[in-house]
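Chemist: Provided below for reference: sequence and predicted model.
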Amino acid sequence: MDFRYDLRDGEQVPGCQLHTEEKIVVARALEALGVDIIEAGFPISSPGDFNSVVAISKAVSEPIICALSRAVEKDIEVAAEALRYAKKGRIHTGIGVSPYHIQYKLRSTPEAIIERAVQAVKFAKRFVEDVEFYAEDAGRADKEFLARIVEQAIKAGATVVNIPDTTGYCLPEQYGAIIRHLKNEVPNIDKAIIATHCHNDLGMATANTISGVQQGARQVEVTINGIGERAGNTSMEEVVMAIQCHHAIPVKTDIHTPKIYETSRLVSKLMNMPVQPNKAIVGRNAFAHSSGIHQDGVLKHRENYEIIDPQSVGVHESSIVLTARSGRAALKHHLDALGVHLEGEELRLVYEDFLLLADKKRDIGPKD
Ligand code: KIV
Ligand code: ZN
């Protein structure tokens, strides 16, 4: 299955824009991570974005480089121009398909929207073979209309059809049902790859993406740390590890998981955007155990309380945090690491003192 990293959507975070040089550093890290496609920017939007697409096209060779455009000829021409150095270039074009977008944003009609979509895909095909069509706000679109426009986009030459839940509105069952509907009702659907593109407004982006994959989507559009417009995009590390943990999800990825943690830190540092401590997979506390029962369980057998081996995502080891909730097993574990081996009554007495101190201090460290 293909992972398409959305540098463009991921950068749509107020105050966290990257310079071209920083985007190149991220793009190289994504290449090392094994990302299949990088959406490098929206070239018509600014000279900076145009230059970033050119520079990333030169800097990386393995991933496909994708450039965004609206269903507007000038956008598509500029996207094609920005991709001229890409070894494998893709134009991503599309249009809004929900009643909101058709009526209030585009002030158009469903038939005219299909026509614009078809013309945009055909125009993009003049420049590149690989054209991804996005049906913006598909999550709130009429399913029959969505099926019709997807069919026409594929007929016009789209190689990938992107089904965004632009507003993060869908529940997992609903999003999966949209993908299933397209699989069942679009006669030429086997001529294109279906892509998921989910936003996290209800905290459902990962669940919706997985639901889409279970119904046949074979490209997922994601960002590291789930960064992106508003509440963000689908978090790449969550999807990768959900696939690794659940063999019932019938896909494989080429993502080199031990590089996940360092890539997460890199993105966080360059964007000056801290990762929430309890963020799945990459948060500071994702592999930290603080309650006595859990600590005892992890020390006896890691899998008692961990479904992922931290080293598999590049985290050195799980941590046993010493707090007033910790038990004797955790204290002993830390003392042993300091070369102080206590048992029985001696350990009990030290543990009593430890609890008195832990009630006063939040965390206890080796100096304590
Ligand atoms: O969320 C969205 O609909 C988008 C499109 C431009 C693909 O980002
Ligand atoms: Zn988006």
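Modeler: Cool, got the structure. Ligands and ions are numbered 1, 2, ... in the order given.

Chemist: Which residues does the closest residue to ligand 1 within the stretch 1-150 of the chain form beta bridges with?
Modeler: Closest residue of the stretch 1-150 of the chain to ligand 1, Cβ to the nearest ligand atom: residue 134 (3.9 Å). Placement of C-beta: from N, CA and C, glycine included. Judged by DSSP bridges, the bridge partners of residue 134 are residue 94, residue 162.

Chemist: In this structure it contacts residue 94, no?
Modeler: Yes - the pair residue 134 / residue 94 is scored as a contact, 3.2 Å apart, by Cβ atoms under 8 Å.

Chemist: If you tally nearby residues, what's the number for the residue of the stretch 1-150 of the chain closest to ligand 1?
Modeler: Other residues lying near residue 134 total 28 when counted by other Cβ atoms under 10 Å.

Chemist: Tell me the residues that contact both of residue 134 and residue 94, please.
Modeler: residue 162 (Cβ atoms under 8 Å, 6 or more residues apart in numbering).

Chemist: what about residue 203, how many residues close to it?
Modeler: Residue 203: 11 surrounding residues under other Cβ under 10 Å.

Chemist: Sorry, slip of the keys, the one I care about is residue 41.
Modeler: Neighbours around residue 41, by other Cβ under 10 Å: 28.

Chemist: Now do the same for the closest residue to it other than its chain neighbours: its pLDDT.
Modeler: Spatially, and ignoring its direct neighbours in sequence, residue 41 is nearest to residue 49 (4.0 Å; Cβ to Cβ, 6 or more residues apart in numbering). pLDDT for residue 49: 96.

Chemist: Surely residue 49 is in contact with residue 56?
Modeler: No - Residue 49 is beyond contact range of residue 56, at 10.6 Å (criterion: Cβ under 8 Å).

Chemist: Pick out whichever of these two has more residues nearby.
Modeler: Comparing residue 49 with residue 56 by other Cβ under 10 Å, the one with more neighbours is residue 56, at 29 against 23.

Chemist: Need phi/psi at the closest residue to residue 318 other than its chain neighbours.
Modeler: Nearest in space to residue 318, with sequence neighbours left out and distances taken as Cβ to Cβ, 6+ apart, is residue 287 at 4.3 Å. Dihedral angles of residue 287 (phi, psi; degrees, to the nearest 10) stand at phi -130, psi 30.

Chemist: Could you give the number of residues near residue 287?
Modeler: Around residue 287 there are 23 residues (other Cβ under 10 Å).

Chemist: any idea how far residue 81 is from the closest residue to ligand 1 within the stretch 201-350 of the chain?
Modeler: Across the stretch 201-350 of the chain, the shortest distance to ligand 1 (Cβ to the nearest ligand atom) belongs to residue 229, at 7.0 Å. Separation of residue 229 from residue 81 (Cβ to Cβ, to the nearest Å): 25 Å.

Chemist: Give me the phi and psi angles of the residue nearest to residue 41.
Modeler: phi -70, psi -40.

Chemist: Enumerate every residue touching it.
Modeler: 8, 41, 42, 43.

Chemist: how near is residue 25 to residue 130?
Modeler: 25 Å.
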